[in-house]
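Participant: test case, fold it:
(one chain, ligands or ions: 1)
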Amino acid sequence: MNKPVLLVVDDDAQVLAAVRRDLRARYRESYMVVSASSGEEALATIRELKARGDALALVISDQRMPGIQGTEVLARSREAYPLARRVMLTAYSDIDAAIKAINEAHLDHYLSKPWDPPEERLFPVVDDLLDSWQAEYLPEASGLRLVGHQWSPQSHAIKDFLASNLIPYRWLDIERNPDAPALLDAAGVRADGLPVLIFEDGSVLRSPEPREVAARLGRPLSAAYDVYDLVIVGAGPAGLAAAVYGASEGLRTLLLDRHAPGGQAGSSSRIENYLGFPAGVSGSELTRRAVTQAQRLGAEFLVPLEAIGLSIDAGYKRLALGDGREIITRTLLAATGMSYREHPAPGVAEHAGAGVYYGSSSTEAPVLAGQRVVVVGGGNSAGQSAMYLSRYAKDVQIVVRSESLRDTMSQYLIDQIARTPNVRLRARTEVERVEGNGRVERVAFRSNADGATKVEEVDAVFVFIGTRPRSDWLPAGVRRDAKGFVLTGRDLLADPAHTKGWKEPREPFSLETSVPGVFAAGDIRAGAMNRVASAVGEGSMVVRLVHDYLALT
Ligand SMILES: Cc1cc2nc3c(=O)[nH]c(=O)nc-3n(C[C@H](O)[C@H](O)[C@H](O)COP(=O)(O)OP(=O)(O)OC[C@H]3O[C@@H](n4cnc5c(N)ncnc54)[C@H](O)[C@@H]3O)c2cc1C
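Facilitator: Residues are numbered from 1 along each chain as shown. Predicted coordinates:
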């Protein structure tokens, strides 16, 4: 197989030669640098690469060219190579075009000309983009392969586990992929034992549990020490930030998650409002960076591992785990966030994982090419999902009970939806029933305007209808509000049960719960802002409070 390609496009021969020279000097061992002197030539090259089965890792294109412009080259490259990273080359005066392209062509970065010295202004950007591309890319013939039935909940659970844990794999639908039967034959597996995971060395796991997969991939599942300074439960943005700060400030820090790092943010296809990422950043990319950073600084990370209980023993916290073991720590951070509320309509629960999905669209979106999907809910997460699904599905309907999205969704998403022809809003409507035989086939919609019910053919339903805190693993001594969100800091002072139980000669620290040394940060906390940045802020802050607590004990 040929090396993956870096494609450079510019109509200025001098600039083209200079980028080509710089890229070759640094990347020629692992990549092939290909150039095109016009938009038309670039698109022809992309078609050729696709026909040859070559991988395209990066496109760097000038914006202003006669004929097809840079924005279009970048947007069209995405149809053939959705994973390829896209960079626009602009003159300083053209920053407006770059910003427009961020929205229209889903640009990953823009580089101002000239980029000298390349060691400072070109290579760090390209290194970073190629690292993130490598994390998602899997060469055709190698790596981990999962063979199963598209509408099987077991297949969905393994896909979701692999994708959320950023483990690249290739999915082969036994009914649609002609290579699947031969692969099963070669692995000596019968088609009635699916799903099956086939590893690079040819070994297989049939219908595996996430823990078996993690163990087989050599991921640690037990704690290295007897006692920790800080144990963080939940590796969403709050937990990851606490792990980075805890480890970097010399605390013996352990982070664990029942499913995967990233939390709700990890399932976001594009976070547009996180500081420092003008082109937006996918949840999985932000997670990949955060996990690498936390581990590099020395945090221990165990996944999948569920916390099921907590008890206090002479100031030490004993965390009970789903596998029957226990971890002891001096302080604990509850950062278990929120999860999506289940849709109560008949037929929804039966089809969970078989056409009904909660919270995440990125795992299943690519296989929904040409199909009809419904997104239930009017918040930003529903809007982001609808936009992501629109890249693949033929028709995306957003179903909401209200009149419009105005009060529940950010304007930038409302605008994007209005500009996207295959996404439409079905207002004043509810999902009354989901029907199908082993997979979603139809949905009955009830109009709140006239009470009429209409049944339509639908292939998948994505549910985003509100959330509930994941705080049920905490003991009763950790005070919560009526909805189950954890009370912290001064909010506790209004709770009479807290005042009776609190024995310290001080008030609780700002993110401390009603149990001294047990902290809460992010969406699990009463009064949380429900944003990535605020969760990260609280996770970072908490480490300072942990130091203050430890200094008193
Ligand atoms: C699809 C989507 C898109 C979003 N887009 C944006 C956006 O663009 N901008 C923005 O600012 N915000 C966005 N948000 C909101 C943002 O993601 C959340 O506010 C943020 O993730 C909260 O972080 P957290 O760390 O508090 O909790 P969470 O992200 O909820 O993470 C909690 C973690 O705890 C783990 N866990 C739960 N229970 C246990 C247990 N018992 N044991 C072990 N682990 C456990 C979970 O598996 C999870 O990984 C979006 C949310 C969603 C769902």
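Participant: all strands for the stretch 101-250 of the chain, in order.
Facilitator: Secondary structure of the stretch 101-250 of the chain (DSSP state E, counting those that start in this stretch): strands at 109-112, 144-148, 169-173, 196-198, 204-206, 227-233.
Participant: any idea which helix or strand carries the residue nearest to residue 132 when sequence neighbours are not counted?
Facilitator: In space, and not counting its chain neighbours, residue 132 is closest to residue 285: 5.4 Å by Cβ to Cβ, 6 or more residues apart in numbering. Where C-beta positions appear, they are placed from N, C-alpha and C, glycine not excepted. Using DSSP states H and E, residue 285 sits within helix 283-296.
Participant: and after that helix, which helix or strand comes next?
Facilitator: Next along the chain from helix 283-296, counting by DSSP H and E, comes strand 300-302.
Participant: phi and psi next, for the residue lying closest to residue 382 once chain neighbours are set aside.
Facilitator: Once flanking residues are discounted, residue 382 sits nearest to residue 464: 4.0 Å by Cβ to Cβ, 6+ apart. Main-chain torsions, residue 464, degrees, to the nearest 10: phi -140, psi 70.
Participant: residue 464 and the ligand: what is the separation?
Facilitator: 7 Å (Cβ to the nearest ligand atom, to the nearest Å).
Participant: do residue 118 as well
Facilitator: Taken as Cβ to the nearest ligand atom, the span from residue 118 to the ligand is 33 Å.
Participant: kindly report the same for residue 197.
Facilitator: 21 Å.
Participant: shaky segments in the stretch 401-550 of the chain?
Facilitator: Nowhere does the stretch 401-550 of the chain drop to pLDDT under 70.
Participant: please name the nearest non-neighbouring residue to the residue in it that the ligand sits nearest to.
Facilitator: Across the stretch 401-550 of the chain, the shortest distance to the ligand (Cβ to the nearest ligand atom) belongs to residue 522, at 2.0 Å. Distances taken as Cβ to Cβ, 6+ apart place residue 238 nearest to residue 522, at 3.0 Å, with adjacent residues excluded.
Participant: show me where the stretch 151-300 of the chain has its helices.
Facilitator: 153-164, 179-187, 210-216, 237-248, 263-266, 283-296 (DSSP state H, counting those that start in this stretch).
Participant: weakest of the ones you listed by average pLDDT?
Facilitator: When those are compared by mean pLDDT, helix 179-187 comes last with a mean of 88.
Participant: return the set of buried residues in it.
Facilitator: 180, 183-184, 187 (16 or more other Cβ atoms under 10 Å).
Participant: equivalent analysis for stretch 49-58, please.
Facilitator: The neighbour-count criterion (16+ other Cβ under 10 Å) identifies 49, 54-58 as the buried residues of stretch 49-58.
Participant: of those residues, which is the nearest to the ligand?
Facilitator: Nearest to the ligand, judged by Cβ to the nearest ligand atom, of the buried residues of stretch 49-58 is residue 58 at 24.8 Å.
Participant: now, which of the buried residues of stretch 49-58 lie within helices?
Facilitator: Per DSSP state H, helices hold the following members of those: residue 49.
Participant: what helix or strand is the nearest residue to residue 453 once chain neighbours are set aside located in?
Facilitator: Nearest non-adjacent residue to residue 453, counting by Cβ to Cβ, 6+ apart: residue 446, 4.9 Å away. In the assignment (DSSP H and E), residue 446 maps to strand 440-447.
Participant: give the contact list for the residue in the stretch 51-200 of the chain that the ligand sits nearest to.
Facilitator: Per Cβ to the nearest ligand atom, residue 164 is where the stretch 51-200 of the chain lies closest to the ligand, at 8.3 Å. Contacts of residue 164 were listed using Cβ atoms under 8 Å, 6 or more residues apart in numbering, and they are 259-262, 266-267, 284, 360, 363.
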